[in-house]
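[1] just coords:
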């Protein structure tokens with residue numbers, strides 16, 4: 001590893017030919033200093049990231065690529081959305097979209113190694129794909145990045161170039177607690193058996209579920225990501241201390257980052273492992289809890305698009321739903337409010353008018369109640385959704401629409 005100044009890094013990057021593809025750490029672990037250097041050094045390039053946060057370059061000459069869209073790319077006309085399950089993104093990088101450069105944020109060196117810290121995710125696969133074609137590996141060394149174990153650890157000699165930075169890791173804005181989300185959290189928590197293994201997605205609903213589980217004990221975590229809710233479970237004594245907390249990336253408060261730093265109970269693994277449905281299914285009572293933007297009477301969920309426009313993507317939702325359904329005692333739960341307050345519309349619709357993110361769930365839950373999906377015929381599923389998930393003001397219209405779709409309601 002050669003540690004250079006940002007000026008030297010920019011000079012070296014400017015020598016890259018053609019329109020290189022750059023894979024960079026996303027979520028809340030983006031190496032902003034290195035990204036700024038890169039953007040000044042290259043007139044044209046492709047920038048591949050997951051859940052990009054505000055501040056990503058959006059100008060002529062930059063092509064933005066992502067299979068999971070964050071606010072830093074969502075409204076860009078230069079975005080190329082790549083429909084892909086998170087578990088298959090490493091395969092995408094190894095074949096159709098091989099990187100020329102990988103830019104990552106790591107801990108400072110320790111014992112000849114660095115750690116990818118909070119953002120392992122697809123980076124190991126990107127590193128391998130770039131190395132296979134003689135690509136460039138660049139690290140931003142940051143003392144604020146926690147040192148985590150598992151697949152996060154890499155030899156510092158694997159890195160070609162590095163710059164030093166002193167950037168506090170960003171945290172997501174706090175989400176409001178209580179109200180409808182708290183009601184949903186309590187309902188979902190009642191469907192979770194003791195000593196279950198938990199996967200939770202991103203959002204107010206998963207956070208509320210974790211809050212509702214703090215009085216219980218014996219849980220484990222196997223998830224693509226986690227945030228402060230898992231820290232809350234641990235401090236409440238709700239986690240089994242003999243079972244590791246396994247994930248691929250994490251983001252949250254400064255307190256969370258301090259907690260995971262050199263925490264031997266936290267195992268950060270690459271996406272191909274955390275999101276492999278076969279590995280997920282090996283956990284008994286695997287409970288997958290995800291949210292959605294809409295569900296329909298066919299028990300299908302849309303968690304990716306708003307008004308036909310891409311909002312996020314598949315992420316790991318499909319991976320964990322399949323894995324949980326194959327787990328002994330496992331359950332795949334979709335949870336959402338019955339009404340969208342900003343749009344002033346029902347989140348339960350007769351039929352989704354766009355691509356389906358996931359289907360064949362165990363339960364769909366709203367603040368109105370729980371719909372039992374697994375084991376019911378299609379007509380019974382539709383009736384359950386109308387009677388127990390939909391907002392009361394939408395039920396008559398949904399029944400009428402359901403009959404037009406062929407359901408006996």
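    Looks like it arrived, so ask away. Please read all numbers here as calculations on a predicted model, not as lab measurements. Residues are numbered from 1 along each chain as shown.

[2] For stretch 293-312, measure first residue to last.
    11 Å (Cα to Cα, to the nearest Å).

[3] next one: stretch 382-398
    End-to-end span of stretch 382-398 (Cα to Cα): 9 Å.

[4] Buried ones in that stretch, by neighbour count?
    382-391, 394-395, 398 (16 or more other Cβ atoms under 10 Å). Backbone N, C-alpha and C define where each C-beta goes, glycine included.

[5] which one of those sits closest to residue 51?
    Residue 51 lies nearest to residue 389 out of the buried residues of stretch 382-398, by Cβ to Cβ, at 27.6 Å.

[6] ok, the closest one - contacts?
    For residue 389, the contact set (Cβ atoms under 8 Å, 6 or more residues apart in numbering) comprises 295, 338, 348, 364-366, 368-371.

[7] Only whichever of those are buried, select them in PyMOL.
    To isolate in PyMOL the members of the contacts of residue 389 that are buried, counting by 16+ other Cβ under 10 Å, one can use:
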select buried, resi 295+338+348+364+365+366+368+370+371
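
[8] Among the contacts of residue 389, which are located in strands?
    Among the contacts of residue 389, the members falling in strands are 295, 348, 364-366, 369-371 (criterion: DSSP state E).

[9] of all those, which comes closest to residue 281?
    residue 364 (21.2 Å).

[10] who's that closest one bridged to?
    Residues in a beta bridge with residue 364, per DSSP bridges, are residue 334, residue 371.

[11] coming back round to it: now the buried residues of stretch 382-398 in a markdown table, with pLDDT, distance to residue 271 and secondary structure?
    Putting these into a markdown table (pLDDT from 0 to 100; distance: Cβ to Cβ, whole Å; DSSP: H, G, I helix; E, B strand; the rest coil) gives the following:
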| residue | pLDDT | distance to residue 271 | secondary structure |
| --- | --- | --- | --- |
| 382 | 98 | 35 | helix |
| 383 | 98 | 38 | helix |
| 384 | 98 | 34 | helix |
| 385 | 98 | 32 | helix |
| 386 | 98 | 37 | helix |
| 387 | 98 | 38 | helix |
| 388 | 98 | 34 | helix |
| 389 | 98 | 31 | coil |
| 390 | 98 | 35 | coil |
| 391 | 98 | 36 | coil |
| 394 | 98 | 37 | helix |
| 395 | 98 | 40 | helix |
| 398 | 98 | 37 | helix |
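
[12] what would these look like in a markdown table with distance to residue 308?
    Below are the buried residues of stretch 382-398 laid out as a markdown table (distance: Cβ to Cβ, whole Å):
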| residue | distance to residue 308 |
| --- | --- |
| 382 | 24 |
| 383 | 28 |
| 384 | 28 |
| 385 | 22 |
| 386 | 24 |
| 387 | 29 |
| 388 | 28 |
| 389 | 23 |
| 390 | 22 |
| 391 | 23 |
| 394 | 21 |
| 395 | 26 |
| 398 | 21 |
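
[13] need the helices for the stretch 301-409 of the chain, in chain order.
    317-326, 378-388, 392-404 (DSSP state H, counting those that start in this stretch).

[14] Let's have these in JSON lines, adding distance to residue 250.
    Converted to JSON lines, those look like this (distance: least, Cβ to Cβ, whole Å):
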{"stretch": "helix 317-326", "distance to residue 250": "16"}
{"stretch": "helix 378-388", "distance to residue 250": "33"}
{"stretch": "helix 392-404", "distance to residue 250": "37"}
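
[15] pLDDT below threshold where in this structure?
    Within the chain, the segments meeting pLDDT under 70 span 176-177.

[16] Where do the domain boundaries of it fall?
    Listed by automatic domain parsing, the domain ranges of the chain are 2-165, 179-224+275-404.

[17] How about residue 248: what's its closest non-neighbour residue?
    Spatially, and ignoring its direct neighbours in sequence, residue 248 is nearest to residue 274 (4.3 Å; Cβ to Cβ, 6 or more residues apart in numbering).

[18] Next up, the contacts around that neighbour.
    222-224, 246-248, 316.

[19] closest to residue 148 among the residues you listed?
    Looking across those and measuring by Cβ to Cβ, the closest to residue 148 is residue 247, at 9.6 Å.

[20] Bridged to the closest one, which residues?
    Applying DSSP bridges to residue 247 gives these bridge partners: residue 268.

[21] do residue 289 as well
    According to DSSP bridges, beta-bridge pairing links residue 289 with residue 200, residue 333.

[22] so it touches residue 197, yeah?
    No - under the criterion of Cβ atoms under 8 Å, residue 289 is not in contact with residue 197, lying 11.4 Å apart.

[23] Compare the two (neighbour count), which wins?
    More neighbours surround residue 289 than the other of residue 289 and residue 197, with 27 against 24 (other Cβ atoms under 10 Å).

[24] Going along the chain, name the strands of the stretch 51-200 of the chain.
    Secondary structure of the stretch 51-200 of the chain, counting by DSSP state E, counting those that start in this stretch: strands at 62-66, 79-81, 101-106, 113-115, 136-142, 149-150, 153-155, 161-165, 197-200.

[25] any chance of these in TSV, with distance to residue 262 too?
    Output for the strands of the stretch 51-200 of the chain, formatted as TSV (distance: least, Cβ to Cβ, whole Å):
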stretch	distance to residue 262
strand 62-66	31
strand 79-81	37
strand 101-106	14
strand 113-115	9
strand 136-142	15
strand 149-150	8
strand 153-155	11
strand 161-165	20
strand 197-200	23
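
[26] out of those, which comes closest to residue 15?
    strand 136-142 (10.0 Å).

[27] Can you tell me the strand partners of that closest one and which way each runs?
    Paired strands of strand 136-142, with direction, are strand 101-106 (parallel), strand 161-165 (parallel) (DSSP bridges).

[28] Please name whichever of those strands is nearest to residue 404.
    Per Cβ to Cβ, nearest to residue 404 of the strands paired with strand 136-142: strand 101-106, 51.5 Å.

[29] ok, residues contacting the closest one?
    Contacts of strand 101-106 (Cβ under 8 Å, 6+ apart): 13, 16, 20-25, 29-31, 34-35, 38, 114-117, 119, 123, 126-127, 130, 135-142, 145, 154, 159, 165.

[30] from the residues you listed, which would you call buried?
    13, 16, 20-25, 29-31, 34-35, 38, 114-117, 119, 123, 126-127, 130, 135-142, 145, 154, 159, 165.
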